[in-house]
Structures are given as C-alpha cells and as structure tokens.
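J.: build me a structure from this.
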Amino acid sequence: MPTVEEYCKHKNVVMASPNTFSYLLKIILVAYQQHELAKHANEILKAVAGIRVEAEKFDGDLSVLERHISNTYKSMDNVKVKYGKLFGKIESAQSIEVKEQAILIEKVEKIEETPLL
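T.: Next comes the predicted model:
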C-alpha cells in the first residue's frame with residue numbers, strides 16, 4: 001500500500017496545513033491584485049497620453065489667442081493716439097473759431113459805437 005505522500009504525488013496534489021493553504025491563497029490574491037493594477041495602470045497611461053495630445057492642441061490655440069490679443073492691444077493703442085490727435089485738432093479749431101468770434105464781436109461793437117454821418 002502506497003504512503004500518503006506517494007499517493008498525493010501520484011494524484012498531483014500538494015499536502016498543506018491550513019496555515020500553508022491560507023498563505024497560498026493570500027499570495028494568489030496579491031498576485032491577482034497586482035495584475036489588475038498593472039492592467040489599469042496601462043489604461044491610465046494611455047488616457048494620460050491622450051490628454052497630453054489634447055493639451056498640446058490647446059497650447060497651440062492659446063498661442064493663437066495670445067497673438068490676437070497682442071495685436072488687438074497694439075491696434076487699440078494706435079487708435080487712442082489717432083483719437084488724441086483728432087481731438088487736439090478739434091480743440092484747436094474750436095479755439096480759433098472762438099477767437100475769430102471775439103474779434104468779430106469787437107469789430108461790430110466798434111462799428112456800433114461810431115456815429116453815423
């Protein structure tokens with residue numbers, strides 16, 4: 001009659017105590033968890049790579065927007081300068097007109113003061 005060890009070997013069975021069996025199950029669980037984590041890590045890395053591509057596109061859009069804003073700012077400065085010059089010309093024209101009106105009023109007053117012949 002074969003021994004228990006020979007019988008187990010013949011049936012491809014490993015003898016184990018409850019403690020050994022419990023540790024074996026824990027090792028299998030940890031290996032499975034690591035496998036799942038690695039699988040999810042690959043998915044996360046793929047998602048991050050996709051996000052990076054989108055971020056690069058967004059960076060290009062921001063650069064275009066920055067140029068537009070910069071050009072708009074420069075245009076606004078030019079418009080302000082031109083408006084200032086135009087407003088100065090208007091004020092100059094108004095001051096000339098006021099001076100001419102004052103001179104005309106003076107002349108009219110002098111004419112009114114002179115006696116008629």
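J.: please count neighbours and contacts with C-alpha atoms only from this point.
T.: Will do.
J.: the residue most central in space within the chain: helix or strand, and which one exactly?
T.: Residue closest to the average C-alpha location in the chain (C-alpha atoms, centre = their mean): Leu62, at 6.7 Å. Using DSSP states H and E, Leu62 maps to helix 18-113.
J.: any idea how far that helix is from the chain center?
T.: With C-alpha atoms, centre = their mean, to the nearest Å as the basis, helix 18-113 stands 9 Å off its chain's centre.
J.: pLDDT (mean, whole number) over that helix?
T.: Throughout helix 18-113, pLDDT has a mean value of 88.
J.: helices or strands up against that helix?
T.: Applying 3 or more C-alpha pairs under 8 Å, 6 or more residues apart in numbering; DSSP states H and E, we find helix 18-113 packed against no helix or strand.
J.: Ser22 versus Ala31, what's the distance?
T.: Applying C-alpha to C-alpha, to the nearest Å, the value for Ala31 to Ser22 is 14 Å.
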